[in-house]
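Colleague: Mind looking at a prediction? Sequence and model below.
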Amino acid sequence: MRKHEQSSLAEPLSEPVEKLMALYQKLGAHNLALLDEVYSDAVVFCDPMHRIEGLSLLKGYFANLYQNLSSIDFVFHHVMDDGAQATLVWTMTFAHPKLAGGKPISVEGVSQIGYSDKVDFHRDYFDMGAMLYEHIPGLGALVRLVKNRAGRS
C-alpha cells in the first residue's frame, strides 16, 4: 500500500509537485512511461550516488532500480512549495531480496525540486548507510560499528 500525507500548507501545492508526489505513489518497473508526465526532457536528477542528466537516462536508472525491488512505498510528511521550487520531506520503505534478508528497510530523506511546467531538477538527500551499506552482510556490521563509535564522541 502506498501512503501519502500532504503538508498542512494553507495554499494548494503546484501541479508539478502534486504530479511528482502522485508519481511516486504508483511508479514501478511496469509503468516508467509515467516519468514523461512529470519530468522535463532535460531533467537533472541527483542522489548520493548518481547524477543523471536527461529523461531517457533517468528512465534507465529507474528501470534498473525498480526491477529488483520487492516493494517500495513513500510517505510524504511535509512539503514546502513556492511555485518554482519545492522541498519534500519523506520516508521511503522498500524491500530488496538481497538486503536485510528481504525485510522492509525505511529511510528518511528530503528532495529538493526545481520546476516550471515539469520538474527539471530533482536532488535527493538521504543516508546511504541506512539505505544500503548497513544491510549488506559483513559490511553492515562494520558500518554500524563506525556509526556507533562516531555517535559516542
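Modeller: Received, thanks. Residues are numbered from 1 along each chain as shown.
Colleague: ranges for the strands of the chain?
Modeller: Using DSSP state E, the strands of the chain run over residues 39-47, 50-53, 71-81, 85-95, 105-115, 119-126.
Colleague: Export those to CSV and append columns for mean pLDDT.
Modeller: Output for the strands of the chain, formatted as CSV (pLDDT from 0 to 100):
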stretch, mean pLDDT
strand 39-47, 98
strand 50-53, 96
strand 71-81, 94
strand 85-95, 95
strand 105-115, 96
strand 119-126, 96
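Colleague: Export these to JSON lines and append columns for mean neighbour count and distance to residue 33.
Modeller: All C-beta atoms are positioned from the backbone trio N, CA, C, and that covers glycine. Below are these laid out as JSON lines (neighbours: other CB atoms under 10 Å; distance: least, CB to CB, whole Å):
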{"stretch": "strand 39-47", "mean neighbour count": "18", "distance to residue 33": "11"}
{"stretch": "strand 50-53", "mean neighbour count": "13", "distance to residue 33": "17"}
{"stretch": "strand 71-81", "mean neighbour count": "17", "distance to residue 33": "18"}
{"stretch": "strand 85-95", "mean neighbour count": "18", "distance to residue 33": "21"}
{"stretch": "strand 105-115", "mean neighbour count": "17", "distance to residue 33": "19"}
{"stretch": "strand 119-126", "mean neighbour count": "18", "distance to residue 33": "16"}
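Colleague: Out of those, the one nearest residue 20 is which?
Modeller: strand 119-126 (5.7 Å; CB to CB).
Colleague: Run through the neighbouring helices and strands of that closest one.
Modeller: Contacts defined by 3 or more CB pairs under 8 Å, 6 or more residues apart in numbering; DSSP states H and E place strand 119-126 against helix 15-26, strand 39-47, strand 105-115.
Colleague: And the contacts of the shortest one?
Modeller: So the one you mean is strand 39-47. With CB atoms under 8 Å, 6 or more residues apart in numbering as the test, strand 39-47 has contacts from 51-55, 58, 61, 116-124, 126.
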